[in-house]
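1. heads up, no residue letters with this:
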């Protein structure tokens with residue numbers, strides 16, 4: 001009897017669902033600042049021109065533009081299980097109690113409701129756990145993608161800094 005009730009309740013359990021939402025938090029941009037000092041008395045105007053020309057050259061060489069490194073909010077993702085945790089357990093308990101009351105003899109209705117509620121709650125809890133695990137799996141996938149994207153950006157930023165430094169050193173500046 002309890003096995004049949006469990007199978008009936010298991011058919012009522014919903015499939016794991018997740019929802020993705022934008023997240024406002026942003027990682028700080030990778031450091032791209034280059035400090036330089038004129039070794040040959042270059043004027044402020046000449047320094048600005050050299051810096052800008054080196055910026056253009058470094059951007060062209062590396063494919064990295066330090067002014068365009070931040071991700072838009074819709075590109076950062078947080079996975080949320082739907083419906084909220086505990087939902088299926090509550091639904092399972094209520095459904096189990098109703099089924100337990102209906103399938104037992106009239107004088108055993110209370111005992112059937114209790115057994116059904118406990119069984120339904122267990123099935124619902126398993127469904128909630130599956131939904132949570134699926135959300136965690138999907139979140140881990142998004143996190144890996146973000147980490148790979150951030151590593152690529154960081155590498156390009158490092159290449160950009162090296163290109164800027166080489167260009168400025170070639171134009172007669174001390175660079176740090």
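-> Done, it's in. No experiment lies behind these values; they were computed from the predicted model shown.
2. and the gap between residue 116 and residue 38?
-> 83 Å (CB to CB, to the nearest Å). From N, CA and C alone the C-beta is placed, and that goes for glycine too.
3. which of those two has more residues huddled nearby?
-> Set residue 116 next to residue 38 and count neighbours by other CB atoms under 10 Å: residue 116 wins out with 28 against 16.
4. phi first, then psi, for residue 112.
-> phi -60, psi -40 (degrees, to the nearest 10).
5. ok, and the closest non-adjacent residue to it?
-> Excluding its sequence neighbours, the residue lying closest to residue 112 (CB to CB, 6 or more residues apart in numbering) is residue 104, at 3.1 Å.
6. for the strand or helix carrying residue 127, packing partners?
-> Here residue 127, judged by DSSP states H and E, is contained in helix 109-170. Helix 109-170 is packed against helix 2-12, strand 17-22, helix 44-62, strand 77-82, helix 87-103, strand 173-175, with contacts defined by 3 or more CB pairs under 8 Å, 6 or more residues apart in numbering; DSSP states H and E.
7. run through the protein and note the low-pLDDT ranges.
-> The chain contains residues with pLDDT under 70 at 1-29, 69-77, 79, 81.
8. let me know the outermost residue of it.
-> No residue in the chain sits farther from the centre than residue 107, which is 53.0 Å out by CA atoms, centre = their mean.
9. correct me if wrong: residue 124 contacts residue 97.
-> No - counting by CB atoms under 8 Å, residue 97 is not a contact partner of residue 124; they are 11.8 Å apart.
10. out of the two, which sits in the more crowded spot?
-> More neighbours surround residue 124 than the other of residue 124 and residue 97, with 26 against 22 (other CB under 10 Å).
11. leaving out the residues flanking it, which one is nearest to that one?
-> Nearest to residue 124 is residue 92, by CB to CB, 6+ apart, at 2.7 Å.
12. how close does the one you found sit to residue 118?
-> For residue 92, the distance to residue 118 - CB to CB - is 10 Å.
13. what's around the residue nearest to residue 112, how many residues?
-> Applying other CB under 10 Å, we find 18 residues neighbouring residue 104.
14. and residue 83, by the same measure?
-> Residue 83 - counted by other CB under 10 Å - has 13 other residues nearby.
15. now residue 45
-> 8.
16. residues contacting it?
-> By CB atoms under 8 Å, 6 or more residues apart in numbering, the contact list for residue 45 is empty.
17. fine by me, we can end here.
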